[in-house]
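1. the sequence and its predicted three-dimensional model are supplied below.
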Number of protein chains: 2
Amino acid sequence: MAQERSTRQRKAIEQALTRADRPMTPEELLALAQAEVPRLGIATVYRALKDLRDEGAVVAVEVPGHPTCFETAHRGHHHHFHCRSCRKVYEVQGCVHGVHGIAPKGFRVEDHEIVLTGVCAACAAR
Amino acid sequence: MAQERSTRQRKAIEQALTRADRPMTPEELLALAQAEVPRLGIATVYRALKDLRDEGAVVAVEVPGHPTCFETAHRGHHHHFHCRSCRKVYEVQGCVHGVHGIAPKGFRVEDHEIVLTGVCAACAAR
DNA sequence: GTCGTTGCAAAGCGTTTGCAGCCTA
DNA sequence: TAGGCTGCAAACGCTTTGCAACGAC
């Protein structure tokens, strides 16, 4: 059966993900990883992300009007902020109590995601 | 400048949206509206949704791994539940306090969305 | 040497757009 | 009648897949 091999391209992609302090789009990861592997193609990025997702090492973050972002899974519980000015997605530490309590009777809640929308500090300063 | 006209197809799409008790995908809306207008095309659904969104009458709901859904805007403040079994997106009444408080200093929060993930009542019963 | 991985290009899928004819106001 | 709206098909952007060459083990 399938074995995961450690290749230069995969290492470059994983490194780009690990170093990022916010969720990254596949295109952003491609640009970063190409510093290591110039001939890297976007398909390889998508394939690596798919494998990493299957292993549970990265998770997808999706916000309306923005291409899907990816981040490493083991960053502790946190949420996201979407700046409507620069369109970047940021990580937000912390959570709130009682989130699971709003589900209707009979619904089994296993996880939750909170996405704040507004203007980030950098954009608000301008 | 542009005037909005009331057509059979637009009425059918709005009606499908209004009657739904959960966010609907464009394909679902097409299927429902075709009961009224059999020759209705998907492009018309997208155009109607775009116009309705511009007027603020409908909003998009996006959850990872699911096509974009749409719901009417004037349903009061609520959130969503994504069933990982049947993949449907449900409406969830209620909210929690302190959600905006988790944003970092300098970030201006204007809105928020909460998406619960798990198994809906119908699927859990099976 | 084996077989998973890669880069390239083509295919897929959801969404948008161009266009000629239609229909509301 | 004017000009927005429609259905169709082509175009679009993001993502996945087929394939032959490549390279990790």
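-> Yes, it's here.
2. for chain A, which strand is longest?
-> strand A:108-119 (DSSP state E).
3. helices of chain A, start to end?
-> For chain A, the helices defined by DSSP state H cover A:8-19, A:26-33, A:42-55, A:121-124.
4. TSV for those, including distance to residue B:70?
-> For every residue, glycine as well, the C-beta is placed using N, CA and C. Listed next are the helices of chain A as TSV, based on distance: least, Cβ to Cβ, whole Å:
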stretch	distance to residue B:70
helix A:8-19	32
helix A:26-33	26
helix A:42-55	27
helix A:121-124	28
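5. so for residue A:101, which of those helices sits nearest?
-> helix A:42-55 (29.2 Å; Cβ to Cβ).
6. and the closest one with chain B, contact?
-> No - between helix A:42-55 and chain B, judged by Cβ under 8 Å from any Cβ of the partner chain, nothing touches; the nearest distance is 10.4 Å.
7. and that helix, what does it pack against?
-> Counting contacts by 3 or more Cβ pairs under 8 Å, 6 or more residues apart in numbering or on different chains; DSSP states H and E, helix A:42-55 packs against helix A:8-19, helix A:26-33, strand A:58-61, strand A:69-72.
8. DNA strand D contacts on chain A?
-> Residues of chain A found near DNA strand D (Cβ under 7 Å from any atom of the strand) are A:5-8, A:25-27, A:42-43, A:46-47, A:49-50, A:67-68.
9. try it again with 10 Å
-> A:3-11, A:25-27, A:30, A:39, A:41-47, A:49-50, A:53, A:60, A:62, A:66-70 (Cβ under 10 Å from any atom of the strand).
10. show the buried residues in the residues you listed.
-> A:9-10, A:25-26, A:30, A:44-45, A:49, A:62, A:66, A:69-70 (16 or more other Cβ atoms under 10 Å in any protein chain shown).
11. closest one of those residues to residue B:117?
-> Nearest to residue B:117 among these, with distances taken as Cβ to Cβ, is residue A:62, at 12.1 Å.
12. gap between the closest residue to that closest one other than its chain neighbours and residue B:52?
-> Excluding the flanking residues, the one nearest residue A:62 by Cβ to Cβ, 6 or more residues apart in numbering or on different chains is residue B:64, at 4.3 Å. To residue B:52, residue B:64 is 24 Å away according to Cβ to Cβ, to the nearest Å.
13. more neighbours: these two, which one.
-> In terms of neighbours (other Cβ atoms under 10 Å in any protein chain shown), residue B:52 is the more surrounded of residue B:64 and residue B:52; the figures are 20 against 14.
14. can you list the weak-confidence ranges in chain A?
-> A:1-3 (pLDDT under 70).
15. at 50 instead, please
-> Confidence mapping of chain A against pLDDT under 50 gives the ranges A:1-2.
16. quick check: residue A:114 touching residue B:98?
-> No - taking contacts as Cβ atoms under 8 Å, residue A:114 lies outside contact range of residue B:98: 10.9 Å.
17. give me the more crowded residue out of these two.
-> Each of residue A:114 and residue B:98 has its neighbours counted (other Cβ under 10 Å); residue A:114 has more, 21 against 11.
18. where's the more buried one relative to residue A:86, distance?
-> In this view, residue A:114 and residue A:86 are 20 Å apart by Cβ to Cβ.
19. do the same with residue A:76
-> Distance from residue A:76 to residue A:86, by Cβ to Cβ: 25 Å.
20. who has more neighbours out of these two?
-> Legend: neighbour count by other Cβ under 10 Å for residue A:76 and residue A:86, higher for residue A:86 (13 against 6).
21. show me the contacts for the residue nearest to residue A:69 when sequence neighbours are not counted.
-> Nearest non-adjacent residue to residue A:69, counting by Cβ to Cβ, 6+ apart: residue A:23, 3.3 Å away. By Cβ atoms under 8 Å, 6 or more residues apart in numbering or on different chains, the residues touching residue A:23 are A:61, A:69-71, A:80, A:89, A:91.
22. quick one, phi psi at residue A:23?
-> phi -60, psi 140 (degrees, to the nearest 10).
23. alright, I will stop here.
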